[in-house]
Structure formats: C-alpha cells, structure tokens
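> 3D model of this:
(2 chains)
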Amino acid sequence: MTSTNPFGEFRNECGAALRDALAKVKHLPQPSLLSLNPPPSVEFGELASSLCFDLAKQTGKKPFELAEKIAKMIDVSEYSLIVSVKAVGGYINFYADFPKFAALTLGSIKELDEKYGFVEIEKPYTFIVEHTSVNPIHPITIGQARNPVLGDTIARLLRARGHSVKRHYYIDDVGRQSAVIAYGYLKLGKPKPKGKPDHFIGIIYTATSCITEIQRLKKQLENTTKTNTPTEEKQKIQKQLDEWIDVAAEMEDKHPELFRKLREEISKDEDPESVINELNRAYEAGEPKTKTLIREVCELVLEGFKESLSRMGIFYDSWDWESSFSWSNEVSNVIEALKKTPYVYSEKDVLEFDAEKVAKDFELKKKLGLRDDYKVPSLTLVRADGTTLYTTRDVAYSLWKFKKAQKVINVVGMEQTLAQMQLKLALYALKHGDYAENLTHFAYNLVTLPGYKMSSRKGHYITFDEVMDEATKRAYEEVSKRSPDLSEDEKQKISKTVGLGAVRYSLAEVDPTKPVVFTWDRVLNFEKNSAPYLQYSHARACSILRKAAKPTIKPNFALLVDPIERETVLSLSRFPETFIDAADNLKPHSIADYANALSDKFNTFYAKLPVIKAKPEPLSTARLVLVEAVRVVLRNALIILGIEAPEKM
RNA sequence: GGGCGGGUAGCCUAGUACGGAUAGGGCGCAGGCCCCCUAAGCCUGUGGUCGCGAGUUCAAAUCUCGCCCCGCCCGCCA
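Numbers count the residues shown, from 1 in each chain, chains lettered A, B, ... in the order given. I've put the predicted structure just below:
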C-alpha cells in the first residue's frame, strides 16, 4: 500500500474516529473544528485533540470526563493506523500503529521516490512568478540576492504542486539610470567589457553618476553664493559634494584609466544632465539610435546576471523588456483607458491617479487590510514632459501578464508595498478587479549590511558573485581539511556544491518577512542549520547505502522500537503536509526548516544505532529502508530549495 | 504625522494564519564521545519578563486594545 501523504492518512483516520465517537455520545454539539494537532512530545502520541475543552465550555461538563467518554467510544479495530486512544488531562491522544505506519510511510517513499512529498493539487492554475528584476545597471548585490532565491524557490514549490509556472524577469530598462549608463558608455566609446560585463558596466555607472553629480552639486553651490541661500542648505550640499568627491577618489584609485577618460569626455559637455534626460526621453519614445545603444548596454549586464544566477540554479522562462510596453502603445492604451475612468485628473501638467477614490468606491479598504480613515496617496501616471512612471508601465505589464496566466506572483521587496497597492487599485479602476485579486505581492524584507548602508550608485556594495566565490573558496578549504583522500576533481565539485548551497540556504532559510543583516558568518555556516549540514546528512545516508549489501531479508518494521527511529519515521511521514503548506501559503523557508529538523533526527539515529551491522537481519534491513527513505526525502527537499545533494563529501 | 513589516536567551532563529500539555533549534560558553556505517557529526550542561502594559479565556508567544523600539514607504525615483 502506498500513500502520497502517510501522515495525512493517519490524520484522516483520527478525524473520522473522533467524528464517529462524537456522534455516539448524546447531547454533544458538533464542533466545527476537531483541533487535531501534533502533541508536544511522542509520549502523548502522534496526534492529539483538544476539542474537549471547547465542548466543556458549551456543555458545562469537565474536559477530562468528556475526553474519557469520547476516547472510550473509539473502537481502534475499525481503523488500520490507530493502535490506541488515550484520554489524558482533557486531551484525546492518538497513537499510531507503528509497524503499519512505518510500512506505509517507508513503502510510499520507496515507491514514489522523486515524487514523494509533492502532492499535486486538484485544481492547478497557470502562474507567472515574476522575480529578481534587478535593474541592469550594476552587478547583483547581496542585498538583492534574496529576491531570486525566494522567487525561484516559490516557482519550484508551485511547479511541484502541479501548477503550470512560468518564471519571468522584468527588465527595467526605462528610466534615468539606464540613460546615465548609456551616456557614460557612449562617452567611453562603447568599450568592450573587461572582466564580467555586469561588473564592468557597474563601474561605468558609478563613475558616470559620480562625475555628473559632482558637476551638478558644484553648480548648485555656486548658485547658493549668488542667491543668498541659508548656510544650513549650503552645508547640506557641501556634505553631499564631499561624499561624491570621496567616491571619485576611490574610483580614480581603482580604475584610473577609465575614470580619467570619462571625466575628460564628460567635461566637454556643457550640460551632461540634459544629455542624460534627452537619452531617457528618446529611449522611451523609441528612437532607433538610442534604442540600439541602451539595449546594447542592458544586454551586457544581463549576460553577467545570467552567469551569476545560473550558478545558483536559477533560470527564467521569459525576459520581459519594460521598454517594449512603452513602444507598443500598451502603456498609452492604459493611460487612455484610465483617463476614461473618473479616477484620473490633471494637476498642473501631470496626470494623477486617485487611488483613494478607487479604494472608497470599490470598498476595498478592508480587503486590502487598510483602516477606513487611511487615505491612499495618489499616483502620478505621466510626468510634465510626457514620459511615464514605473508604476504606470507596471499596470500595462500586469495586464499583459494576465493574458498569459491566471495567477501572478510579484516577488518584490516590501518597500514597494504602496506601489503594488496602487497598481492593484489601478486594475480595479480598469474593471479588472479579478486580476487584482489574483495578483500576489510576495513582499520580503531587506537584506542590510551591518554598520554601513549599501549604495549602488556610489559603488558601495558586496556583490552576489563575491559572496559565491568566497563561499566556494571556503568550502574548498573545508573539503580539503575534512576529506583529504578525495580526488582533486571531486574536491572541486563538492566545494562548489557546498559553497553555493550554503549561500542559497542562508537566503532561503529565514522567514521572508524578517529583515536580514548580512554577515559572512551567516553565509559561511557549514555546520548545523546550513546547506552543508543537510548535504552531509544526505551524503552519510548515501554512504551507508553504498556500503550495505542489497537487502535480501524482508524488513521487520516492528523492530524499529527506539524513539529516535520512530521520530525519524514520523518526520518522514510529515513531509507531504509540510510541502503542501509551504506551496499553498508561499512559505519557502519552512522547507529549509523541515529539512534541517529531519537531518537532526537522522544524525541522532546515525550516532546511536548501527545499520549494516544491526542484528537480526530483518532489523538491519528495516533500518536500511529507513536510511534510504531519509536519503530520498532530503534530496527532494533540497531540490525544492535548489540545492544539490552530493553523494560524497 | 500616517501606513506597512519586524521585536522570542549574549547573538541568530522556529512556532503566530486556526489559542492548548514542560516555547523547539542553532551559534557562543563549559564538559564529554572516533573499537564501530563520513566527527561538516553525536551526547551532557549553560542560558527565556516570547518588546511593555492591560483585556478576553479553563488556557495567550499566538486573539483584542493602548504604548515603546527598529526598518521601510508616503517622489514628476524605481
């Protein structure tokens, strides 16, 4: 017998037993919830119900009396997986028939193998998961890296759940920053990148920002002397200027040739600012020369991104250019459509969207989790110069996404909560409330550095590449130290698996709503609660299986009497429930948590009990089956996390 | 000022949707374990006003209200 969800089977039996018993006891109200939960300790069984406390309130009877009465009504012989039911202190505790339950769990894992745990949903949807979408202006920083890891893990969860999932990258090529780089790139004579292209363009971005900012601030300062500006204001400008001058010194030191050439070229322009603005305008308008230029720069950066992300096992099904929506009239169509609603008005020369009025008219405050008296800020749709803003274009993009999918998940930092809300309100205004309701803003918290603030414009950041490189290097040292007998080739391979796994795990492991402070310690953790720990557990299981002779004697699961054996089986049986919860409620970190807990059980088992040498044979075989099951489940969990499961390390 | 998110031992963290039994881990610190399938491991110990205060309840880390601290947002940036 196999089950896609062994613990679920047991849970169903307990539920049925409870309902049955309740029906037999007179004068009891039918409770809406059975309150079946795993008890704090195995001594209380595998599942326990606290519903007698609720019933006690309603009937005026004592909880422990009710519990005893109900427990007595349950005839365990009617159920295959329940061996006994005990009433303790008002709780009703259910004990699993362990040999049967172990046979069901371990048998199912063996049978389902790479499918075990991935219970498919009855009604699958088509999904678009938009994630990463890092602006192509500099290398991906460690601060941004949480996004692709979370997004990719969510996509893996949903796919395994049976949904049809497309992973989209939204390329933010419209906007001032792209114009800044294009300007610098042009001034340098469209140089061929030295080194990794995203790093190279990142340098141009910082250098160009730096040079133009210094010029701008200097001019501003000159004006202040003419116009009698308060000293406070002057000091503020001076402070900004000083900061940029520091950056300039850094840049000149690190990239003297490039920086000097750029400075020289830019100084030839009377007003660099207006050239940049003109580039931005021309790009959005789709003027061919600018199109070619900016696309060329973006493509270079994306090439670098693809390389970085592929190291983490992260890939995309679609690369969506923001500019395409401007050029194809989809953005202007959205603006026209919005103009026809009562929610758009002109103020001076700009077009504003009255998000507050939509929220009120459609009675959405409660739905969006807002107070009635909260006023949603309005959103500017079009600038005075006729160019559009990010969220405006995002409305067009969202409409496009919903032509391709029933549900859309935007993996976007929580700092954009307001913008995402305004986006939804715009969809309502366009009579696409259905889209808004199928749009999930998966908001995650920031990754920060301890002590100082990352600034991508100023070039002060730790790149994702650096972190991956360092982790791989550290892993190599560890592998060499711990497994000196491995071949050089194996060492290289394992250190990559382990190092990159450690990085990915450290970003996936924490509840996404919590802020993360980046420390090397967190990422370079190769001990407990880390990818290497899970990988090591997996490798240990593989090692036993490798060394064991093929099982010939029938396993006897009744011989698995040690508490740790039972706890390991129990943990294995719960993987499907954990997976369902993680997929349906978008909780990628709970898979990491689960895999870590399972590894804990397995390592305790490993240290305590022999497998191959265990006597009698049916016990040895039973343990071998258990080890095999741990191997399978750990590997499956690691696949969801996008982490490789090595057989040796 | 308003909104959103977070606050669990010295540090990091699970649990909060749907209230249940002694709040589960890890790092650190102190000590112990390779006769034995990989010591990236195992065992023992140490450490908690679950931000604070009320309330609801037989029962609150979890629900309600008020307050405090941290972060982010409230742009003709993205």
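> State the helix or strand in which the nearest residue in space to A:Ile643 that is not next to it in sequence lies.
Excluding its sequence neighbours, the residue lying closest to A:Ile643 (C-beta to C-beta, 6 or more residues apart in numbering) is A:Gly501, at 4.2 Å. The way it works is simple: take the backbone N, C-alpha and C, and place the C-beta from them, glycine included. Following DSSP states H and E, the helix or strand that holds A:Gly501 is helix A:488-508.
> Likewise for A:Gln235?
Using DSSP H and E, A:Gln235 falls in helix A:231-254.
> Using PDB, list the CA coordinates for that helix.
C-alpha atoms of helix A:231-254 as PDB (Å, rounded to 0.1, in the frame of the first residue of the first chain):
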ATOM      1  CA  THR A 231      24.100  78.300   5.400                       C
ATOM      2  CA  GLU A 232      22.300  75.200   6.500                       C
ATOM      3  CA  GLU A 233      21.300  74.500   3.000                       C
ATOM      4  CA  LYS A 234      24.800  75.200   1.700                       C
ATOM      5  CA  GLN A 235      26.300  72.800   4.200                       C
ATOM      6  CA  LYS A 236      23.900  70.100   3.100                       C
ATOM      7  CA  ILE A 237      25.000  70.500  -0.500                       C
ATOM      8  CA  GLN A 238      28.600  70.700   0.600                       C
ATOM      9  CA  LYS A 239      28.300  67.400   2.500                       C
ATOM     10  CA  GLN A 240      26.800  65.600  -0.500                       C
ATOM     11  CA  LEU A 241      29.600  67.000  -2.600                       C
ATOM     12  CA  ASP A 242      32.200  65.800  -0.200                       C
ATOM     13  CA  GLU A 243      30.800  62.300  -0.300                       C
ATOM     14  CA  TRP A 244      30.900  62.200  -4.000                       C
ATOM     15  CA  ILE A 245      34.400  63.600  -4.100                       C
ATOM     16  CA  ASP A 246      35.400  60.600  -1.800                       C
ATOM     17  CA  VAL A 247      33.800  58.300  -4.300                       C
ATOM     18  CA  ALA A 248      35.700  60.000  -7.100                       C
ATOM     19  CA  ALA A 249      38.900  59.400  -5.300                       C
ATOM     20  CA  GLU A 250      38.100  55.700  -4.800                       C
ATOM     21  CA  MET A 251      37.100  55.300  -8.400                       C
ATOM     22  CA  GLU A 252      40.200  57.100  -9.700                       C
ATOM     23  CA  ASP A 253      42.300  54.900  -7.500                       C
ATOM     24  CA  LYS A 254      40.700  51.600  -8.600                       C
END
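> Check whether that helix comes into contact with RNA strand B.
No - using C-beta under 7 Å from any atom of the strand, we find that helix A:231-254 stays clear of RNA strand B, coming within 14.0 Å at best.
> In that helix, which residues are buried?
If you call a residue buried by 16 or more other C-beta atoms under 10 Å, then helix A:231-254 has these buried ones: A:Ile237, A:Gln240, A:Leu241, A:Trp244, A:Val247, A:Ala248, A:Glu250, A:Met251, A:Glu252.
> Can you tell me how far the nearest residue to A:Arg631 once chain neighbours are set aside is from A:Asn603?
In space, and not counting its chain neighbours, A:Arg631 is closest to A:Ala541: 4.0 Å by C-beta to C-beta, 6+ apart. Note on A:Ala541: its distance to A:Asn603, by C-beta to C-beta, to the nearest Å, is 10 Å.
> element containing A:Tyr95?
strand A:91-96.
> try A:Ala21
Counting by DSSP H and E, A:Ala21 is part of helix A:6-24.
> Skipping adjacent residues, who's closest to A:Tyr606 in space?
Excluding the flanking residues, the one nearest A:Tyr606 by C-beta to C-beta, 6+ apart is A:Arg540, at 6.0 Å.
> quick one, phi/psi of the one you found?
Per-residue torsions, A:Arg540: phi -60, psi -40 (degrees, to the nearest 10).
> give me the number of residues near it?
Close neighbours of A:Arg540, defined as other C-beta atoms under 10 Å, add up to 20.
> separation between it and RNA strand B?
Shown here: A:Arg540 relative to RNA strand B, a distance of 5 Å by C-beta to the nearest atom of the strand, to the nearest Å.
> What distance do you get for that residue to A:Ala548?
13 Å.
> Other residues contacting the helix holding A:Gln235?
The contact list for helix A:231-254 (C-beta atoms under 8 Å, 6 or more residues apart in numbering) reads A:203, A:206-207, A:210-211, A:213-214, A:217-218, A:220-221, A:224, A:259-260, A:458-459.
> gap between that helix and the chain center?
With C-alpha atoms, centre = their mean, to the nearest Å as the basis, helix A:231-254 stands 37 Å off its chain's centre.
> following that helix, which helix or strand comes up?
Reading on from helix A:231-254 to the C-terminus, the next helix or strand found by DSSP H and E is helix A:256-267.
> Quick check: buried residues in that following helix?
Applying 16+ other C-beta under 10 Å to helix A:256-267 flags A:Leu258, A:Phe259, A:Lys261, A:Leu262, A:Arg263, A:Glu265, A:Ile266 as buried.
> Contacts made by that helix with the rest, please.
Contact partners of helix A:256-267, identified using C-beta under 8 Å, 6+ apart, comprise A:184, A:187-188, A:191, A:203-204, A:207-208, A:211-212, A:215, A:248, A:251-252, A:272.
> just stretch A:316-336 next, same as before
Against stretch A:316-336 from outside (C-beta under 8 Å, 6+ apart): A:132, A:166-174, A:283-284, A:286, A:291, A:294-295, A:302, A:351, A:381-382, A:388, A:392-393, A:395-397, A:399-400, A:430.
> same question, stretch A:191-200
Taking C-beta under 8 Å, 6+ apart as the rule, stretch A:191-200 contacts A:136, A:138-140, A:185, A:201, A:258, A:300-305, A:307-308, A:463, A:465.
> re the thing from before, average pLDDT across the helix holding A:Gly501?
Throughout helix A:488-508, pLDDT has a mean value of 96.
> Buried ones in that helix, by neighbour count?
A:491, A:493-508.
> Of the residues you listed, which fall within the contact range of RNA strand B?
Among those, RNA strand B is touched by A:Ile494, A:Val498 when using C-beta under 7 Å from any atom of the strand.
> doesn't A:Val569 make contact with A:Val42?
No - with contact defined as C-beta atoms under 8 Å, A:Val42 does not count as touching A:Val569 (11.0 Å).
> Those two: who's more crowded?
Higher neighbour count among A:Val42 and A:Val569: A:Val569, with 26 against 13, using other C-beta under 10 Å.
> Tell me which residues touch the more buried one, please.
Contacts of A:Val569 by C-beta under 8 Å, 6+ apart are A:Phe98, A:Phe101, A:Ala102, A:Thr105, A:Leu106, A:Leu560, A:Leu626, A:Ala629.
> Surely it is within a helix?
Yes - under DSSP: H, G, I helix; E, B strand; the rest coil, A:Val569 sits within a helix.
> ok but A:Val411 is inside a strand, no?
Yes - counting by three-state DSSP, A:Val411 is located in a strand.
> wait, it sits on A:Ile154?
Yes - here A:Val411 reaches A:Ile154: they are 6.8 Å apart, a contact under C-beta under 8 Å.
> intersection of neighbour lists for these two?
Joint contacts of A:Val411 and A:Ile154 (C-beta under 8 Å, 6+ apart) are A:Val129, A:His131, A:Phe442.
> partners of the first one in the sheet?
Going by DSSP bridges, A:Val129 is paired in beta bridges with A:Arg167, A:Ile409.
> Distance check, it against RNA strand B.
In terms of C-beta to the nearest atom of the strand, A:Val129 sits 19 Å off from RNA strand B.
> is RNA strand B contacted by stretch A:161-169?
No - for stretch A:161-169, no contact with RNA strand B is found by C-beta under 7 Å from any atom of the strand; the gap never falls below 13.3 Å.
> Please list the residues of the stretch 201-350 of chain A that sit near RNA strand B.
So far as C-beta under 7 Å from any atom of the strand goes, the stretch 201-350 of chain A lies against RNA strand B at A:Lys348, A:Asp349, A:Val350.
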